[in-house]
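Undergrad: How does the following fold in three dimensions:
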Amino acid sequence: MCNPARPSIVRFVALAALAAICAHGNAATGTAATSESTLTISGAGIAGETYRLAQMYGDWFATATDAYAHLTMRTLPGAHQAQLGIEWNGTGAAHTIDVAKNDVHRNSNFSFSLHLTGAGAYGQQVELRGGDAITVNITHMDNLVLEATFSGAATGAGPLKIAGVIKLHRAAPAEQPTGNFGNCDPVIYDKLAGAEWRSPSECEVKFDAYARKGLTAALAPVVSSFTAGGWRVMKQVETQSLTSIPRHTESKPFQLNEQQMHQSSAFYVLFGLPDSSPAVERLNQAAMDQMQKAIAAAQAGHAVPMDAANDAARALDEASKIGITVAINLASQGISNFKGGHTVTQLAGGGFAVEAPYVQAPTGGDIAAAQRVTYVFVGAWAPPPASRPGGADEEILVKGALNPAKLLAVQNIRIRIQGSTANAQQVIRSIDWSALKALLAGN
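TA: Sure, this is the predicted structure:
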């Protein structure tokens with residue numbers, strides 16, 4: 001669950017979605033607050049109009065070391081309506097939002113938007129252009145009260161002068177605590193209001209770093225072993241602090257999971273042999289030979305031996321690539337194997353391994369895209385039964401046992417190794433098992 005400060009396109013869509021919800025008056029978005037805020041506009045055909053922003057959607061917080069506000073405020077229905085979106089980040093008494101900060105691609109936690117609805121000049125889409133800027137001056141900001149003024153220039157149908165007052169009050173913030181992990185703050189202070197993911201708590205950030213440090217130590221000998229043998233690290237997870245996490249996870253044991261790899265939130269390392277490697281050259285030639293035989297058979301009108309060609313290509317892929325992904329705290333692991341024949345092996349270092357020869361690819365697909373995968377299970381897992389005879393399609397379910405009260409603890413570990421049996425065995429032999437056991441023991 002590591003680590004994008006929210007991708008820009010996701011951020012842009014989230015803000016647009018929030019604005020659309022607000023336009024329909026859905027008070028369920030954000031926290032309930034009383035608003036006495038106002039907005040005054042002049043220019044571009046508007047002589048001087050003051051709008052009462054009686055509705056507020058969004059959130060804000062203030063701590064001793066940080067502060068953030070993400071607000072969408074709008075008028076009640078009427079002939080002249082306005083919807084203002086404003087966001088700032090940090091504990092300073094003043095914040096300036098200019099064109100550069102307002103760029104959604106910068107992910108700066110600063111934004112300004114304004115939409116006017118009405119006839120003639122009173123219907124304008126307002127944005128920051130050129131030298132436009134809005135400055136927010138904070139007069140009071142805690143978790144119950146937010147008071148500030150803002151002023152500056154923006155552009156709609158023409159140049160506009162903008163000024164306003166933010167005056168918000170709520171009975172109590174909706175604090176969401178996560179698990180504890182030593183000396184840290186478990187409360188979520190969310191800087192991703194309106195987005196699909198949320199900000200992590202300080203405790204989640206601390207635990208995520210702890211788990212990654214332990215997994216890095218466990219796989220360090222694997223990296224050394226394979227790179228010493230001529231393998232290249234093609235891709236691996238970047239070391240960075242956790243900045244976002246899926247919503248509604250605060251009451252569940254903390255997970256690392258490759259399903260979130262697109263958010264750089266999994267733990268993984270991918271190896272590849274260079275094309276010049278003798279092993280790759282030999283296997284590549286074997287695959288080409290089998291393909292030539294298949295082409296020749298087809299041209300002669302004979303049965304096409306595509307199985308042999310596919311097996312040769314598969315052998316090349318298995319022997320020249322290794323993908324390792326790690327997950328923690330899974331309730332279960334399902335394995336779709338297109339051809340039966342999985343094996344279950346107890347491991348000397350602890351836990352057990354399940355190898356399956358035709359596992360459905362993470363992206364889906366049929367047997368043509370199937371992969372040989374060895375799964376290593378350590379910690380609270382129950383081994384599955386051995387493979388049934390006959391070699392039929394099978395669904396393998398490995399069940400985990402999690403204590404729901406242990407939110408920030410490593411309760412189980414699952415390592416997925418995609419590649420040949422020999423390479424998977426080398427990975428297993430090279431793992432620093434003491435590092436894995438230390439993670440599990442540190443609960």
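Undergrad: which parts of the longest helix belonging to the chain are buried?
TA: Counting by DSSP state H, the longest helix found in the chain is helix 202-228. By 16 or more other Cβ atoms under 10 Å, the buried positions in helix 202-228 come out as 202-212, 214-216, 218-219, 221-223, 226. No exception for glycine: its C-beta is placed from N, CA and C like everyone else's.
Undergrad: Tell me the helix or strand right after that helix.
TA: Counting by DSSP states H and E, the next helix or strand C-terminal to helix 202-228 is strand 232-236.
Undergrad: Which strands and helices lie in contact with whichever helix or strand comes after that next one?
TA: Scanning forward in sequence from strand 232-236 by DSSP H and E, the next helix or strand is strand 245-246. Packing contacts for strand 245-246, counted by 3 or more Cβ pairs under 8 Å, 6 or more residues apart in numbering; DSSP states H and E, involve strand 197-198.
Undergrad: List the neighbouring strands of the strand it packs on plus their orientation.
TA: In the sheet, strand 197-198 lines up against strand 245-246 (antiparallel) (DSSP bridges).
Undergrad: Quick one: classify Ala100 as helix, strand or coil.
TA: For Ala100, the assignment made with DSSP: H, G, I helix; E, B strand; the rest coil gives helix.
Undergrad: number of nearby residues for it?
TA: 11 (other Cβ atoms under 10 Å).
Undergrad: can I assume Ala82 is in contact with Leu116?
TA: Yes. Under the criterion of Cβ atoms under 8 Å, Ala82 makes contact with Leu116 at 5.4 Å.
Undergrad: shared neighbours of these two, which are they?
TA: Ile41 (Cβ atoms under 8 Å, 6 or more residues apart in numbering).
Undergrad: Which residue is the nearest non-sequential neighbour of Gly334?
TA: In space, and not counting its chain neighbours, Gly334 is closest to Leu397: 5.6 Å by Cβ to Cβ, 6 or more residues apart in numbering.
Undergrad: Contacts only, for the one you found.
TA: 332-335, 384 are the contacts of Leu397 under Cβ under 8 Å, 6+ apart.
Undergrad: would you say it is within a strand?
TA: Yes. According to three-state DSSP, Leu397 belongs to a strand.
Undergrad: Could I get the pLDDT score of it?
TA: You'll see Leu397 listed with a pLDDT of 93.
Undergrad: From Ala382, how far off is it?
TA: Separation of Leu397 from Ala382 (Cβ to Cβ, to the nearest Å): 10 Å.
Undergrad: Give me the helix or strand of the chain that scores worst on average pLDDT.
TA: helix 8-23 (a mean of 37; mean pLDDT, DSSP states H and E).
Undergrad: Give the burial count for Asn89, as a bare number.
TA: Asn89 is flanked by 17 other residues according to other Cβ under 10 Å.
Undergrad: ugh, typo on my part, it should be Gln426
TA: Neighbour tally, Gln426, other Cβ under 10 Å: 17.
Undergrad: again, but for Thr34
TA: Thr34 has 12 neighbouring residues, counting by other Cβ under 10 Å.
Undergrad: So in terms of bridging, what pairs with it?
TA: His169.
Undergrad: Verify the stated contact: it with His169.
TA: Yes. Using Cβ under 8 Å, Thr34 makes contact with His169 at a distance of 4.9 Å.
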